[in-house]
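# Sequence first, then the predicted structure:
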Amino acid sequence: MKNEMVLSQAVWSGNSVLRGAALVLGGSALIAVAAQVSIPMFPVPMTLQTLAILAVGLTLGARLGAMALLAYLAEGAAGLPVFANGGAGVAYMMGPTAGFLVGFVMMAFVAGYASDKGLTRSFIGAGIVSLIASALLYVPGLAYPAAAMGKTFPELFSGWMLPFVIGDAVKAVLAALIVTGGWAALSRRKA
């Protein structure tokens with residue numbers, strides 16, 4: 001277990017194509033289900049989507065985590081109702097959440113990269129990484145409506161960021177608890 005940096009490798013070792021495909025598709029399915037757990041807010045609903053994205057990145061690593069998000073976006077673009085509130089299609093992807101959808105790939109990659117480097121085995125490390133990845137999501141998430149919709153920074157801050165900051169912080173802590181709990185359970189099982 002010391003050689004494995006990410007939880008998925010410790011649970012299911014190997015580098016087969018079948019293993020990678022199963023993890024990517026499983027990760028995208030988890031995110032799609034989490035996106036349907038929704039609290040209505042404006043301009044976008046608050047979902048468990050970012051919690052799932054963090055868990056996928058922290059568990060699968062940078063490469064497979066980012067691939068799971070690319071698969072998720074491809075599923076949505078193909079018309080599968082995987083986005084929040086059953087959203088689907090390219091038109092949905094070009095709406096107000098476009099920057100966040102692109103940022104999801106970055107979020108999973110950042111969390112996964114830190115996991116690949118062994119920085120997320122402790123709760124503190126996983127928590128810090130999750131908070132950083134969550135904060136970075138706002139860069140493309142807010143840049144798109146600023147550029148495409150002409151929103152000002154005060155509008156973006158008050159309506160597109162501030163209502164979600166506490167929820168995102170809670171979800172980052174929960175992701176750290178889930179992943180470090182997985183490591184602890186695995187350690188007990190192998191002991």
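Looks like it arrived, so ask away.
# Contact partners for the residue most central in space within the chain?
Closest to where the C-alpha atoms of the chain average out (CA atoms, centre = their mean) is Ile53, at 1.8 Å. Shown in contact with Ile53 (CB atoms under 8 Å, 6 or more residues apart in numbering): Ile31, Leu69, Phe104, Met107, Ala108, Ala111. For the C-beta atoms, the positions are set from N, CA and C on the backbone; glycine is no exception.
# try 6 Å
Ile53 sits next to Ile31, Phe104, Met107, Ala108 when contact means CB atoms under 6 Å, 6 or more residues apart in numbering.
# Now the strand or helix carrying Arg188: buried residues?
Per DSSP states H and E, Arg188 falls inside helix 162-190. Residues 164, 167-168, 171-176, 178-180, 182-183 are the ones in helix 162-190 that count as buried (16 or more other CB atoms under 10 Å).
# Check stretch 148-163 too.
Buried-residue list, stretch 148-163, by 16+ other CB under 10 Å: Lys151, Leu156, Gly159, Trp160.
# how far is the helix holding Arg188 from where the chain is centred?
12 Å (CA atoms, centre = their mean, to the nearest Å).
# again, but for stretch 161-181
Worked out by CA atoms, centre = their mean, stretch 161-181 lies 11 Å from the chain centre.
# what's in contact with it?
Contacts for stretch 161-181 (CB under 6 Å, 6+ apart): 41, 46, 50-51, 54-55, 58, 123, 126-127, 130-131, 134, 138.
# Can you select the buried ones among those for me in PyMOL?
Those of the contacts of stretch 161-181 that count as buried under 16+ other CB under 10 Å are selected in PyMOL with:
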select buried, resi 46+50+51+54+55+58+123+126+127+130+131+134+138
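# Make JSON lines out of the contacts of stretch 161-181 and add distance to Ala74 and pLDDT.
Output for the contacts of stretch 161-181, formatted as JSON lines (distance: CB to CB, whole Å; pLDDT from 0 to 100):
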{"residue": "Met41", "distance to Ala74": "27", "pLDDT": "68"}
{"residue": "Met46", "distance to Ala74": "24", "pLDDT": "80"}
{"residue": "Thr50", "distance to Ala74": "19", "pLDDT": "96"}
{"residue": "Leu51", "distance to Ala74": "21", "pLDDT": "97"}
{"residue": "Leu54", "distance to Ala74": "20", "pLDDT": "98"}
{"residue": "Ala55", "distance to Ala74": "20", "pLDDT": "98"}
{"residue": "Leu58", "distance to Ala74": "22", "pLDDT": "98"}
{"residue": "Phe123", "distance to Ala74": "33", "pLDDT": "97"}
{"residue": "Ala126", "distance to Ala74": "28", "pLDDT": "97"}
{"residue": "Gly127", "distance to Ala74": "31", "pLDDT": "97"}
{"residue": "Ser130", "distance to Ala74": "25", "pLDDT": "98"}
{"residue": "Leu131", "distance to Ala74": "28", "pLDDT": "97"}
{"residue": "Ser134", "distance to Ala74": "23", "pLDDT": "97"}
{"residue": "Tyr138", "distance to Ala74": "24", "pLDDT": "94"}
